[in-house]
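Novice: Got a predicted model here, sequence first, then my questions.
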Amino acid sequence: MPAGSSFHSMWRELLPIGRHPDSRGYRRFAWTGADAECRAWFKEQAEARGLAYEVDRNGNQWAWLGDPGAGDAVVTGSHLDSVPDGGAFDGPLGVVSSFAALDELRGRGVEFSKPLAIVNFGDEEGARFGLACVGSRLTAGQLTVEKAHKLTDGDGISLPRAMEAAGYDPDAIGADPDRLGRIGAFVELHVEQGRALALSDSGSAAGSGDRIGIASAIWPHGRWRFDFRGEANHAGTTRLVDRRDPMLSYAETVLAARREAELAGAVATFGKITVEPNGVNAIPSLVRGWLDSRAEDQERLDAVVGGIENAAREYAAAHGIELDVVRESFTPVVEFDHALRDELARILGKDTDITVPVLGTGAGHDAGILSGSIPTAMLFVRNPTGVSHSPAEFAAEDDCVAGVLALADVLEGLACR
């Protein structure tokens, strides 16, 4: 089946799963019904192609062509879960493109000299349990079993309990060095989450105008929880001067985050908040906000987060508020394997005049987590709006097919030589 037909057929099947009727965004959270449907879809695609299907100890799905134990395998794939009301492309584009790329290579009649695998990493977005890339972190030993078992969702359901309810064994999770030791290279295709490749509405290049890009590095990034504790009281009878309102300190901290990020040329976002007692006519006793911050280098990131925390403590002290700041996750700068990155550029430029731009990114990925254990690389497909983690996320059909063909060329160059 031609790459385009194969891609579009799979895309149509996957598109309705987990889509919310009101927001039109996706709610494919780890170990839920929508996640189970996505997993069933992956298994069906693997078996339809005669691939050996398996689920590893951490719930990641694998589809193998060739002997997994032979070593030096070439692996591609991404994830199928989403952020709350996320877009269709973040994650699924990479998985669908991986199966379509295999179809393209079989259509070319290539012979593989190395094992090839397609993977769906579980809980990449961290939407349910608050930690990104759980499946790949566990596999790489960057998340301990003890810490994983303590993860809970907004309803107080623990990760082990959620896994059990979905039919998986939470006592089996943990580092998987033997599996990683079989992999010679991992290449993840992803929709671009920005406008480095985009064209403007007039057709002029807002970015490079290229359909495909290669990742150079992932910015250091992390998540910090800010707990502002004050005093609950009546919104109608408590004088302003008598209030210990944590919402004021939180609001001032949100503005401080924007200022600090602008000064450093970085990004900082308070995108999630919980309030207790969360009543319209009640002054809050607790405002808990989560900060996501990312910067081009560690020094800038430290400056941004340090500046935000200092400002928050000043505001809290001024309003009689107690403040706790907890770093919940952190990923240092990831430089993708230079030799593999250069090989991708060579393969994609072979026998053509194409120069594929090399881009940095502020978004985290499973490829970044695995980069400390195995050689990894990433391909980006142009996103005309630059919007991501939103229903407005988009990639044109022609660009998606171009991504499939680029991935097929890369896999042929790595696994068929």
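Specialist: Nice, thanks for sending it over.

Novice: C-alpha coordinates for the helix or strand hosting Leu323, PDB please?
Specialist: Element membership for Leu323 (DSSP states H and E) is strand 322-331. C-alpha atoms of strand 322-331 as PDB (Å, rounded to 0.1, in the frame of the first residue of the first chain):
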ATOM      1  CA  GLU A 322       2.900  30.200  54.000                       C
ATOM      2  CA  LEU A 323       4.600  29.000  50.900                       C
ATOM      3  CA  ASP A 324       6.100  25.600  50.000                       C
ATOM      4  CA  VAL A 325       7.900  25.000  46.600                       C
ATOM      5  CA  VAL A 326       8.500  21.500  45.400                       C
ATOM      6  CA  ARG A 327      10.300  20.400  42.300                       C
ATOM      7  CA  GLU A 328       8.200  17.500  41.000                       C
ATOM      8  CA  SER A 329      10.200  16.700  37.800                       C
ATOM      9  CA  PHE A 330      13.300  17.900  36.000                       C
ATOM     10  CA  THR A 331      15.000  17.000  32.700                       C
END
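
Novice: what is the rounded mean pLDDT of it?
Specialist: Regarding strand 322-331, the rounded mean pLDDT is 94.

Novice: Stretch 345-358 now?
Specialist: Mean predicted confidence for stretch 345-358 is 80.

Novice: buried stuff in it?
Specialist: Residues of stretch 345-358 classed as buried by neighbour count (16 or more other Cβ atoms under 10 Å): 345, 347-348, 356-358. C-beta here means a position set from N, CA and C on the backbone, and glycine is covered the same way.

Novice: now do stretch 39-46
Specialist: Applying 16+ other Cβ under 10 Å to stretch 39-46 flags 39, 41-43, 45-46 as buried.

Novice: Which of those residues fall within helices?
Specialist: 39, 41-43, 45-46 (DSSP state H).

Novice: Format those residues as JSON lines; extra columns: distance to Ser82 and pLDDT.
Specialist: Listed next are these as JSON lines, based on distance: Cβ to Cβ, whole Å; pLDDT from 0 to 100:
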{"residue": "Arg39", "distance to Ser82": "14", "pLDDT": "98"}
{"residue": "Trp41", "distance to Ser82": "14", "pLDDT": "98"}
{"residue": "Phe42", "distance to Ser82": "15", "pLDDT": "98"}
{"residue": "Lys43", "distance to Ser82": "19", "pLDDT": "98"}
{"residue": "Gln45", "distance to Ser82": "18", "pLDDT": "98"}
{"residue": "Ala46", "distance to Ser82": "21", "pLDDT": "98"}
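
Novice: What is the nearest of these to Gly87?
Specialist: Closest approach between these and Gly87, by Cβ to Cβ: Trp41, at 17.6 Å.

Novice: Spatially, which two of the buried residues of stretch 345-358 are the most separated?
Specialist: Within the buried residues of stretch 345-358, Ile347 and Pro357 form the most distant pair, 15.2 Å apart (Cβ to Cβ).

Novice: which other residues reach the lowest-mean-pLDDT helix or strand in the chain?
Specialist: Here the helix or strand of the chain ranked lowest by mean pLDDT, DSSP states H and E is strand 358-361, holding a mean of 86. Identification of contacts with strand 358-361 by Cβ atoms under 8 Å, 6 or more residues apart in numbering yields 192-194, 196-197, 213-219, 296, 341, 345, 378, 380.

Novice: Ok, stretch 381-396 next?
Specialist: 23-26, 83, 85-90, 93, 97, 189-195, 197-199, 210-213, 363, 399-400, 402-403.

Novice: shaky segments in the stretch 201-350 of the chain?
Specialist: Along the stretch 201-350 of the chain, the parts satisfying pLDDT under 70 run over 201-208.

Novice: can we see that at 90?
Specialist: 201-211, 329-332, 349-350 (pLDDT under 90).

Novice: how about the helices in it?
Specialist: Ranges of helices in the stretch 201-350 of the chain, per DSSP state H, counting those that start in this stretch, are 246-264, 298-318, 338-349.

Novice: which one of the ones you listed is the most hemmed in?
Specialist: helix 246-264 (a mean of 19; mean count of other Cβ atoms under 10 Å).

Novice: Using PDB, write out the CA atom coordinates for that helix.
Specialist: The C-alpha coordinates for helix 246-264 follow below in PDB (Å, rounded to 0.1, in the frame of the first residue of the first chain):
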ATOM      1  CA  PRO A 246      -3.300  33.000  49.100                       C
ATOM      2  CA  MET A 247      -4.900  33.800  45.800                       C
ATOM      3  CA  LEU A 248      -3.300  37.300  45.800                       C
ATOM      4  CA  SER A 249       0.200  35.800  46.300                       C
ATOM      5  CA  TYR A 250      -0.500  33.300  43.600                       C
ATOM      6  CA  ALA A 251      -1.700  35.900  41.100                       C
ATOM      7  CA  GLU A 252       1.300  38.100  41.700                       C
ATOM      8  CA  THR A 253       3.500  35.100  41.200                       C
ATOM      9  CA  VAL A 254       2.000  34.300  37.800                       C
ATOM     10  CA  LEU A 255       2.800  37.900  36.700                       C
ATOM     11  CA  ALA A 256       6.300  37.500  38.100                       C
ATOM     12  CA  ALA A 257       6.800  34.300  36.100                       C
ATOM     13  CA  ARG A 258       6.000  36.200  32.800                       C
ATOM     14  CA  ARG A 259       8.500  39.000  33.700                       C
ATOM     15  CA  GLU A 260      11.300  36.600  34.700                       C
ATOM     16  CA  ALA A 261      10.800  34.600  31.500                       C
ATOM     17  CA  GLU A 262      10.900  37.700  29.300                       C
ATOM     18  CA  LEU A 263      14.100  38.900  30.900                       C
ATOM     19  CA  ALA A 264      15.900  35.600  30.300                       C
END
